[in-house]
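Participant: Can you look at this prediction? I've put the sequence above it.
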Amino acid sequence: MGGRAMGRRGLSLARNLFCGLLAVFLIVTGQVRRATRKALSGDVITAIYFHKPNRRLFTRCISWLIRHGYTFISSDELIEILHHKRPFPRGAVWLSLDDGYREWLVDLLPVIRQYKVPITLFLPSGIVAGEGLFPWLHDSSYSRENTEVMRPDPNTKPARECITVEELKRIAAYEEIRIGGHSVSHALTVNCKDEKLQVEIGKCKQSLELWTGETVSCFSYPEGRYDGRERQPLHEFGYAFAVTTEPAFISRDTDPLLVPRFCVPDDVTLSEAICNMVGIWRPVLDPIKALLHFKKVFIELRNNTAASMSEQI
């Protein structure tokens, strides 16, 4: 293992140790219990999304939700609730997966089918139909936080990272699965001109419906970023709702085109995942991250000022 890889692994372990201990503290002090009561009250819906969790973490999250009395709902049910055609169920939780990782086929689909959990897969149609490479892993100009771009070996063709059209057709037939749009190329819609925006939103839906034979009614903004121009093409192409990455509960006042979701990051501890699922993690962690960022900026500013003064002397 190279030095950089060992360094990243060390940082990941240190991060998980700190966050795991913080999450345990939030659990033992009763904050998770109080947040769970709110989630089960019937006044809100919990929406949770994953990217590429390992099988053990995903299974334990599903088991925890079942054990604590949550009711799993499908995207079809969520549409009716968002459009006020059905009341809020008590303890409702809606699950989704973003991007279309091939690891889902082996790691997650068996768990989904075993527990018969309805789940929505948000897929970028052009990547599914193409070489299956995610742009944030290969294109240094692509904006995605906390991801290091791979350096391709010129003598080796990169391994496929996304599911294929044939694999999509097979899994879309499972009763637990619903398919949602995630643009054609995982383009950040805020960076798209109006014509490209129409293509990214509309063609994605058309392709996914052609392959699956099912209506695609929901859309996930890549990276959760949007600027409002998406509304017109979303309405035009018949999407019933669209999801963001805002960490909040769905309420009766939620805009169907700005549906919030809580994220469970890949490879975190179960205690941290639980804190994310009940909605208390980001309110606790974000101020800590902001403080650390401020400290980093302050130290850099101080060092730059000291260096400038030294040069003047």
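Facilitator: Perfect, thanks for sending it.
Participant: List the contacts of residue 168.
Facilitator: Residues in contact with residue 168 (C-beta atoms under 8 Å, 6 or more residues apart in numbering) are 100, 123, 128, 179, 208, 211-212. For the C-beta atoms, the positions are set from N, CA and C on the backbone; glycine is no exception.
Participant: correction: residue 94
Facilitator: Residue 94 neighbours (C-beta under 8 Å, 6+ apart): 45-48, 72-75, 78, 118, 120, 250.
Participant: Could you dump these into a markdown table and include pLDDT, neighbour count and secondary structure?
Facilitator: A markdown table is the format used below for the contacts of residue 94 (pLDDT from 0 to 100; neighbours: other C-beta atoms under 10 Å; DSSP: H, G, I helix; E, B strand; the rest coil):
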| residue | pLDDT | neighbour count | secondary structure |
| --- | --- | --- | --- |
| 45 | 97 | 25 | strand |
| 46 | 98 | 26 | strand |
| 47 | 98 | 25 | strand |
| 48 | 98 | 21 | strand |
| 72 | 98 | 20 | strand |
| 73 | 98 | 22 | coil |
| 74 | 97 | 18 | coil |
| 75 | 97 | 23 | helix |
| 78 | 97 | 27 | helix |
| 118 | 98 | 19 | coil |
| 120 | 98 | 26 | strand |
| 250 | 97 | 22 | strand |
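Participant: Closest one of those to residue 218?
Facilitator: residue 75 (5.5 Å; C-beta to C-beta).
Participant: Give me the neighbour count for residue 176.
Facilitator: Per other C-beta atoms under 10 Å, the neighbour tally for residue 176 reads 18.
Participant: ok, now residue 170?
Facilitator: 14.
Participant: and the gap between the closest residue to residue 66 other than its chain neighbours and residue 74?
Facilitator: Nearest residue to residue 66, sequence neighbours excluded (C-beta to C-beta, 6 or more residues apart in numbering): residue 115, at 7.1 Å. Note on residue 115: its distance to residue 74, by C-beta to C-beta, to the nearest Å, is 14 Å.
Participant: Following the biggest strand by length in the chain in sequence, what is the next regular element?
Facilitator: Across the chain, the longest stretch assigned as strand under DSSP state E is strand 92-98. Per DSSP states H and E, the first helix or strand lying C-terminal to strand 92-98 is helix 103-107.
Participant: For whatever helix or strand comes next after that next one, which outside residues touch it?
Facilitator: Where DSSP H and E defines the elements, the next helix or strand beyond helix 103-107 is helix 109-115. Applying C-beta under 8 Å, 6+ apart, the contact partners of helix 109-115 are 55, 58-59, 62, 66, 117, 119, 171, 174, 176-177.
Participant: go with 7 Å
Facilitator: With contacts defined as C-beta atoms under 7 Å, 6 or more residues apart in numbering, helix 109-115 is touched by 55, 58-59, 62, 119, 171, 174, 176.
Participant: Filter the residues you listed down to just the ones in helices.
Facilitator: 55, 58-59, 62, 171 (DSSP state H).
Participant: now those residues in TSV, with pLDDT?
Facilitator: Below are the ones in helices among the contacts of helix 109-115 laid out as TSV (pLDDT from 0 to 100):
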residue	pLDDT
55	97
58	98
59	98
62	98
171	97
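Participant: nearest to residue 157, of those?
Facilitator: residue 171 (24.8 Å).
Participant: any low-confidence regions in the stretch 151-300 of the chain?
Facilitator: Along the stretch 151-300 of the chain, the parts satisfying pLDDT under 70 run over 151-155, 289, 291-300.
Participant: Now do the strands in it.
Facilitator: 177-181, 218-220, 241-243, 262-263 (DSSP state E, counting those that start in this stretch).
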